[in-house]
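> Build me a structure from this.
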Amino acid sequence: MEGAKAKPHAVILSSPGLGHLIPVLELGRHLVTAHDSKVTIFVVSSGTSAAESQVIESSMSLKLCEVIVLPPPNISDLVDADAAVFTRIAVLMREIRPAFSSAMSSLRFPPTVLIVDFFGNESLEIADEFKIPKFVYVPSHAWFLALTIYLPILHEAVNGEYVDEKEGLFIPGCRPVQPEEVVDPMLSRSDQQYLEYLSMAIKISKSDGILVNTWEELEPATLAALRDDKLWGRISKAPIYPVGPITKQTRPIDSNKKLFEWLDKQPSESVLFVSFGSGGVLSKEQMRELAWGLELSQQRFIWVVRTPAVKSGDGSFFTVGNGNNDIPSYLPEGFLDRTNNVGLVISDWAPQVEILSHSAVGGFFSHCGWNSTLESIINEVPLIAWPLYAEQKMSATLLVEDLRIALRSKTLPSKGIVEREEIKMLVKRIMVDEEGHAIRARVKELKLSAKKAWNENGSSKALAQVLC
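The predicted model follows:
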């Protein structure tokens, strides 16, 4: 029709890893379905994760968004073999910039807005070449965003290591971050990942806006603080857009028939789902204690198990879904036989959203990755918080102390071994005790607030403002 307004064309850049890729793909889906936009998503593939490849192929088959895979550049000469995952992704995304710029120039339809994920900040300046607005998408909570934006100030104000501070790290208008809660890149100021994180903190504040995967009723005080010019105006002038909850949608399941047939036979809210995300691995000793704790609790469970690491951390980040585990070799002898009637152990990967949405699931033993956390809230499932890396220690505090929808162990899993008796009690508290019922009621309240966030005055409105 003559004079019809052209659709906005959003270009989104995603870094590798399921924790980054899934929220970017879902953001693209929302822009297409709710805002009638054209969306092109550039994905930097890790080239090593079977699950990541499956998610990309599935998104391509839906044909909602154009998904273009950028092959990962060779960074072997730029990072040490034992470099932290954060460093590897940061360097990877810096080196992809020329290929991304060239690919954007080859698009059939001119882009009207550029959105990069947290690690894609090196490509923000490409938007200036196209004379289009540029935004950063932070698929985490507002408290983590506040810490990130304030990091350049902390860098100057704090002498020595953050983990050695005696008091919490001050953030204007927000809950202080305790030394034991700091994100991994802040554990050592001499590590390259700290310098990469500091650089990101400076760059994202220079964008035209920051999208964060939260909503007003989930973090009202933190969002209010971030908008307070008296507190933050001189630190970051980038507007904050709460666009959540953006979560992965359930899909029809063709495989895992045995798993869902088993779930269908279980009573409502009786099964504990145990999974530590796309990067979480436990030490062999901790895995054995967890196995004993699950067995002693006598509660039904589904446990996604990966080969143990020398120490807990993010060792499987780039290889999730490759399915090469020999489960019995590192679990207590006889565990699978003794728990055969009450639990299922799955190697390496499981359809998490579909499991959490099943009526038989009543608890989530989780690493507190933000994607997993939102999926748990959307499906009214209370949590046992087991943070391992990244911002998960902050997330655990938010869930336990502010939102009160989770329980956690006295010992930080990243600091020491949590023993079987404590694990047994955590499981029973969340699955059986009155305390667990009260937590479940609060999760259901949060789900209602999440649904309200997608009305015309909430998250949907925030996304519409970005497209204008």
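> Which positions in stretch 295-314 come out as buried?
By 16 or more other Cβ atoms under 10 Å, the buried positions in stretch 295-314 come out as 295, 297, 299-309, 312-314. No exception for glycine: its C-beta is placed from N, CA and C like everyone else's.
> Tell me the one among those nearest to Ala142.
Closest approach to Ala142 among these (Cβ to Cβ): Asp314, at 23.2 Å.
> Now intersect the buried residues of stretch 295-314 with the helices, please.
Glu295, Ser297 (DSSP state H).
> In strands only, show me the buried residues of stretch 295-314.
Of the buried residues of stretch 295-314, the ones assigned to strands by DSSP state E are Arg300, Phe301, Ile302, Trp303, Val304, Val305.
> So the second one sits against Leu294, correct?
Yes: contact criterion Cβ atoms under 8 Å: Phe301 and Leu294 qualify, at 5.3 Å.
> Overlap of the contact sets of these two?
Shared contacts of Phe301 and Leu294, defined by Cβ atoms under 8 Å, 6 or more residues apart in numbering, comprise Leu272, Val274, Thr339, Gly343.
> and the nearest residue to the third one once chain neighbours are set aside, what is it in contact with?
What it means is Thr339. Spatial nearest neighbour of Thr339, chain neighbours left out: Glu295 (5.6 Å); criterion: Cβ to Cβ, 6 or more residues apart in numbering. Going by Cβ under 8 Å, 6+ apart, Glu295 touches Pro332, Phe335, Arg338, Thr339.
> got the contact list for the first one?
For Pro332, the contact set (Cβ under 8 Å, 6+ apart) comprises Arg288, Ala291, Trp292, Glu295.
> Kindly recompute the last result at 7 Å.
Arg288, Ala291, Trp292 (Cβ atoms under 7 Å, 6 or more residues apart in numbering).
> Look at it and give its secondary structure.
Following DSSP: H, G, I helix; E, B strand; the rest coil, we place Pro332 in the coil state.
> Would you report the backbone torsion angles of it?
Note on Pro332: backbone dihedrals following degrees, to the nearest 10 are phi -50, psi 140.
> Looking at it now. What's its pLDDT?
Listed pLDDT for Pro332 reads 94.
> now it: how far from Glu285?
11 Å (Cβ to Cβ, to the nearest Å).
> same check, this time on the last one
Between Thr339 and Glu285 the distance is 19 Å, computed by Cβ to Cβ.
> Tell me which of the two has more neighbours.
Each of Thr339 and Glu285 has its neighbours counted (other Cβ atoms under 10 Å); Thr339 has more, 20 against 12.
> For Pro332, see how far away the more buried one is.
Counting by Cβ to Cβ, the gap from Thr339 to Pro332 is 10 Å.
> and which of the ones in strands among the buried residues of stretch 295-314 is nearest to Ser140?
Nearest to Ser140 among these: Val304, at 21.9 Å, using Cβ to Cβ.
> Pass me the low-pLDDT residue ranges in the stretch 251-400 of the chain, would you?
253-255, 310-326 (pLDDT under 70).
> That one: strands as residue ranges?
For the stretch 251-400 of the chain, applying DSSP state E, counting those that start in this stretch gives strands covering 271-275, 300-305, 343-347, 361-366, 383-385.
> Can I get the first one as CSV, trimmed to CA atoms?
Listed next in CSV are the C-alpha coordinates belonging to strand 271-275 (Å, rounded to 0.1, in the frame of the first residue of the first chain):
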residue,chain,number,x,y,z
VAL,A,271,9.6,-34.5,41.6
LEU,A,272,12.8,-32.5,42.2
PHE,A,273,14.6,-31.5,39.0
VAL,A,274,18.4,-31.3,39.5
SER,A,275,20.4,-29.5,36.8
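> So what touches it?
Around strand 271-275, the neighbours that count as contacts under Cβ under 7 Å, 6+ apart are 263, 299-304, 350, 352, 355-356, 360-366, 427, 431.
> cutoff 8 Å now
For strand 271-275, the surrounding residues in contact (Cβ under 8 Å, 6+ apart) are 263, 290, 294, 299-304, 350, 352, 355-356, 358, 360-367, 372, 381, 384, 427, 430-431.
> The last one now?
In this structure, residues lying in contact with strand 383-385 by Cβ under 8 Å, 6+ apart are 272, 363-366, 368, 373, 376, 395-396, 399-400, 405-408, 426-427, 430.
> Having no further points to raise, I will conclude here.
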